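Peer 1: Sequence and computational prediction follow.
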2 protein chains.
Amino acid sequence: MKNPPSVSDAEALVMAVLWREGAMASEAVVAALAPEQPWQESTIKTLLSRLLKKGAVRARKQGRRYLYSPVLTREQWVSGESEGLLDRLFGGRVAPLVAHFSKHRKLSRRDIEELKRLIQELDDG
Amino acid sequence: MKNPPSVSDAEALVMAVLWREGAMASEAVVAALAPEQPWQESTIKTLLSRLLKKGAVRARKQGRRYLYSPVLTREQWVSGESEGLLDRLFGGRVAPLVAHFSKHRKLSRRDIEELKRLIQELDDG
DNA sequence: CACGATCGTCTACACGTGTAATCGTTTACC
DNA sequence: GGTAAACGATTACACGTGTAGACGATCGTG
């Protein structure tokens, strides 16, 4: 993966299954998505194909079918998305983002506790 | 604006000009974007039209032309984008997002200082 | 061996988007 | 008043995406 492949919203839902459950056949992906998404089998097959072409997943032949596994990791994906947003909206800096959420009262008490602990650690270490 | 209109990447660059400089004619928008974007005038006109149709900007007639001004505020836009990402990637919570950046060493010393001050205030208030 | 089920692939189509040319109308100037 | 310039509106087109049906190969079973 030179530049990590971009993954669309629908594709990301498929990746999520593979991230949770590891390598699996398309049938299993379909089964895993059935409760959450109202998709036809065909739709999921298409998404898997596109992910394959993009290099976000790999397919190893296992008998008459393929086992799909993620190549792009969830961490890579999260990093790409987050940094993209951070750059576009907050000049690439984290503090202004947190300030924004703070201003709009989107920080829960729990968030604040966790942040305090986090900063504490960073400050010590 | 019932649900704030969605704004594409290119459209957001046009909005940015209106947010910075307030109401202005398309000519001025073109002039403002010229140094930063390699766009033809026509492209910018198209983007303005689309923003108008979406309801993200308003156009008041001023003589023979229009003055475009933002309806969607930058704050609204930033909130929409940020909360979208937060929900999709971090379960809607801020602390995990900061933890992610921390883990990947994306927090500058300055970020850490600012965050410390921020939660200090929150803790006091 | 034939036939139905099961896979993956190919094709399809509408919609948003990035990018732009062209057209038709209005206006200012000569 | 005619003509060029300037505007907004219309049209264009390729590409990614969401969503799915149809097709063709293969495999297991009767």
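Peer 2: Arrived safely. Numbers count the residues shown, from 1 in each chain, chains lettered A, B, ... in the order given.
Peer 1: what's the nearest residue to A:W19 if we skip its chain neighbours?
Peer 2: Distance criterion Cβ to Cβ, 6 or more residues apart in numbering or on different chains; nearest residue to A:W19, sequence neighbours excluded, is A:R74 at 4.5 Å. Glycine gets a C-beta too; all of them are placed from N, C-alpha and C.
Peer 1: Need the pLDDT of the closest residue to A:R58 other than its chain neighbours.
Peer 2: If the residues on either side of it in the chain are set aside, A:R58 comes closest to A:V71, at 5.1 Å by Cβ to Cβ, 6+ apart. pLDDT, A:V71: 98.
Peer 1: Could you pull out the helices in chain A for me?
Peer 2: A:9-21, A:26-33, A:41-54, A:74-90, A:94-103, A:109-124 (DSSP state H).
Peer 1: okay, these in a markdown table with mean neighbour count next?
Peer 2: Below are the helices of chain A laid out as a markdown table (neighbours: other Cβ atoms under 10 Å in any protein chain shown):
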| stretch | mean neighbour count |
| --- | --- |
| helix A:9-21 | 17 |
| helix A:26-33 | 17 |
| helix A:41-54 | 17 |
| helix A:74-90 | 16 |
| helix A:94-103 | 19 |
| helix A:109-124 | 15 |
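Peer 1: how much space between A:K106 and B:E113?
Peer 2: 22 Å (Cβ to Cβ, to the nearest Å).
Peer 1: brain fart, A:R88
Peer 2: Applying Cβ to Cβ to A:R88 and B:E113 gives a distance of 24 Å.
Peer 1: Then A:R50?
Peer 2: Taking Cβ to Cβ, one finds A:R50 at 44 Å from B:E113.
Peer 1: List the contacts of the closest residue to A:A59 other than its chain neighbours.
Peer 2: Nearest non-adjacent residue to A:A59, counting by Cβ to Cβ, 6+ apart: A:Y66, 4.0 Å away. Contacts for A:Y66 (Cβ atoms under 8 Å, 6 or more residues apart in numbering or on different chains) come out as A:A25, A:S26, A:A59, A:R60.
Peer 1: and which of those is nearest chain B?
Peer 2: Of all the contacts of A:Y66, chain B sits closest to A:S26, with 23.7 Å by Cβ to the nearest Cβ.
Peer 1: Pretty sure A:L51 sits against A:M15.
Peer 2: Yes - contact criterion Cβ atoms under 8 Å: A:L51 and A:M15 qualify, at 6.9 Å.
Peer 1: Between those two, which contacts overlap?
Peer 2: A:V7, A:V57.
Peer 1: So A:A10 is in contact with A:I44, correct?
Peer 2: No - the pair A:A10 / A:I44 is not scored as a contact, 9.3 Å apart, by Cβ under 8 Å.
Peer 1: Would you mind writing the CA trace of the worst-scoring helix or strand of chain A on mean pLDDT as CSV?
Peer 2: In chain A, the helix or strand scored least confidently by mean pLDDT, DSSP states H and E is helix A:109-124, which has a mean of 94. Output of helix A:109-124 as CSV, limited to C-alpha atoms (Å, rounded to 0.1, in the frame of the first residue of the first chain):
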residue,chain,number,x,y,z
ARG,A,109,-17.7,14.3,32.1
ARG,A,110,-16.2,11.0,31.2
ASP,A,111,-14.4,12.6,28.2
ILE,A,112,-13.0,15.2,30.5
GLU,A,113,-11.8,12.7,33.0
GLU,A,114,-10.1,10.6,30.3
LEU,A,115,-8.5,13.7,28.8
LYS,A,116,-7.2,14.7,32.1
ARG,A,117,-5.6,11.4,32.7
LEU,A,118,-4.2,11.4,29.2
ILE,A,119,-2.5,14.8,29.5
GLN,A,120,-1.2,13.8,32.9
GLU,A,121,0.5,10.8,31.4
LEU,A,122,1.9,12.8,28.5
ASP,A,123,3.2,15.4,30.9
ASP,A,124,4.9,12.9,33.1
